[in-house]
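> I would like the atomic coordinates for the input below:
(one chain, ligands or ions: 1)
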Amino acid sequence: MTKTQEIVGQQTVLECEEVCRWFGGLQALKGITLTVKEGEIFGLVGPNGSGKTTLVNAITGFYPPQQGAIRFLGEPINGLRPHRIAQKGIARTFQNVALFKGLSVLDNILLGRHIFMRPSSLASLFYWWWAQKEEVSHRVKVEEVIDLLQLESVRDQPVDVIPLGMQKRVELARALCAEPRFLVLDEPMAGMNQEEKEYMVRFILDARDAMGVTMLLIEHHMDVVTAICNRAVVLNNGEKIAEGPTREAINDPAVVAAYIGKTQDAA
Ligand SMILES: Nc1ncnc2c1ncn2[C@@H]1O[C@H](COP(=O)(O)OP(=O)(O)OP(=O)(O)O)[C@@H](O)[C@H]1O
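Below you'll find the predicted structure:
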């Protein structure tokens, strides 16, 4: 048994049941059902335009589903605003790097703590001693994550001057600082070279092991998906066409046909 299989628990963290989403006349999700267990790295794959990001946007509240149910730790979350879903323990990274240019790596990571910060800056002004204490606890978590993802050498640099591979790592760090129970990674290796990909794989596994976070991974690099995902679901044209242990799911004849079909369309 591999290390990955050993740490998968029995508790269901995320359930999607018959999730549907339309954009005007286009049905981007056609009744998607899936279940993610505690400790899993769950792969979500499929050709371009198959509905992966739409499903992630449904889970994280950006585009709530118009039909179906999404439950997090048994509690319905569809219909909640994105910030409420984040406060319940779901964090995400974005397909395109979404960092605050001009701010340092450290400040970008600190922003991951915003879900724990109190809304009243007035209270902080009067109770400055209390605010200082709070600031120290945020810093402690941030330092832990900087250490885990080996970002020490770039912590004070503006985020836009560091290489893309590191920017993606900063995004991962910011998401981990929210101490999520469930983390959605939307193409964390896009645009990376082989060496950067290998580093990122290591950091994702380290984060899962050190922080016990369950993950949903969208990824086009099939070598990465087979290496680190316990199970996977494959989408095509908004439908689930395969599901199961990763290697079995992505070698399913329907999946091979879907990818070949896309290649021919593009030719
Ligand atoms: N905001 C939107 N408005 C209109 N159509 C959208 C919107 N978001 C997604 N779509 C459409 O929904 C379908 C699924 O798109 P989605 O981005 O979820 O696919 P994907 O599998 O994530 O693709 P990729 O791998 O290229 O990121 C596509 O046809 C897309 O054009």
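
> mean confidence for stretch 154-167?
Stretch 154-167 shows a mean pLDDT of 91.

> and that stretch, how far from the chain's centre?
20 Å (CA atoms, centre = their mean, to the nearest Å).

> for stretch 13-22, same thing?
Distance, centroid of stretch 13-22 to centroid of chain: 16 Å (CA atoms, centre = their mean).

> and that stretch, is it in reach of the ligand?
No. Stretch 13-22 does not reach the ligand (CB under 6 Å from any ligand atom); its nearest approach is 8.0 Å. C-beta coordinates here come from the backbone N, C-alpha and C atoms, glycine included.

> how about that stretch as CSV, C-alpha atoms only?
Below are the C-alpha coordinates for stretch 13-22, written out as CSV (Å, rounded to 0.1, in the frame of the first residue of the first chain):
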residue,chain,number,x,y,z
VAL,A,13,-15.4,15.9,2.9
LEU,A,14,-17.1,17.1,-0.3
GLU,A,15,-20.2,15.8,-2.1
CYS,A,16,-21.5,17.0,-5.4
GLU,A,17,-24.9,15.6,-6.4
GLU,A,18,-26.4,16.0,-9.8
VAL,A,19,-24.8,19.5,-10.2
CYS,A,20,-26.0,21.4,-13.2
ARG,A,21,-24.9,24.9,-14.5
TRP,A,22,-26.0,26.7,-17.6
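
> Could you list the buried residues of it?
Of the residues in stretch 13-22, Val13, Leu14, Glu15, Cys16, Glu17, Val19, Cys20, Arg21 count as buried by neighbour count, 16 or more other CB atoms under 10 Å.

> cool, and stretch 22-30?
Using 16+ other CB under 10 Å as the test for burial, stretch 22-30 gives Gln27, Ala28, Leu29, Lys30.

> Val256: neighbouring residues, count only.
12 (other CB atoms under 10 Å).

> got the contact list for it?
By CB atoms under 8 Å, 6 or more residues apart in numbering, the contact list for Val256 is empty.

> Closest to the ligand out of the buried residues of stretch 13-22?
The closest of the buried residues of stretch 13-22 to the ligand turns out to be Arg21 (CB to the nearest ligand atom; 8.0 Å).

> Among the buried residues of stretch 22-30, name the ones in strands.
Secondary structure assignment (DSSP state E) places Gln27, Ala28, Leu29, Lys30 from the buried residues of stretch 22-30 within strands.

> low-scoring stretches of the stretch 151-267 of the chain, by residue?
For the stretch 151-267 of the chain, the stretches flagged by pLDDT under 70 are 262-267.

> And the helices in it, which stretches?
Taking DSSP state H, counting those that start in this stretch as the test, the helices found in the stretch 151-267 of the chain are 164-177, 194-211, 222-228, 246-250, 253-266.

> So which of the ones in strands among the buried residues of stretch 22-30 reach the ligand?
For the ligand, the contacts drawn from those by CB under 6 Å from any ligand atom are Ala28.

> Go through the ones in strands among the buried residues of stretch 22-30 and name the one nearest Leu99.
Checking these against Leu99 with CB to CB, the nearest one is Ala28 at 26.9 Å.

> what residues does the chain put near the ligand?
Residues of the chain found near the ligand (CB under 6 Å from any ligand atom) are Phe23, Leu26, Ala28, Gly46, Asn48, Gly49, Ser50, Gly51, Lys52, Thr53, Thr54.

> how about those residues in JSON lines, adding pLDDT and secondary structure?
Converted to JSON lines, the residues of the chain next to the ligand look like this (pLDDT from 0 to 100; DSSP: H, G, I helix; E, B strand; the rest coil):
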{"residue": "Phe23", "pLDDT": "97", "secondary structure": "strand"}
{"residue": "Leu26", "pLDDT": "96", "secondary structure": "strand"}
{"residue": "Ala28", "pLDDT": "98", "secondary structure": "strand"}
{"residue": "Gly46", "pLDDT": "96", "secondary structure": "coil"}
{"residue": "Asn48", "pLDDT": "93", "secondary structure": "coil"}
{"residue": "Gly49", "pLDDT": "94", "secondary structure": "coil"}
{"residue": "Ser50", "pLDDT": "96", "secondary structure": "coil"}
{"residue": "Gly51", "pLDDT": "97", "secondary structure": "coil"}
{"residue": "Lys52", "pLDDT": "97", "secondary structure": "helix"}
{"residue": "Thr53", "pLDDT": "95", "secondary structure": "helix"}
{"residue": "Thr54", "pLDDT": "97", "secondary structure": "helix"}
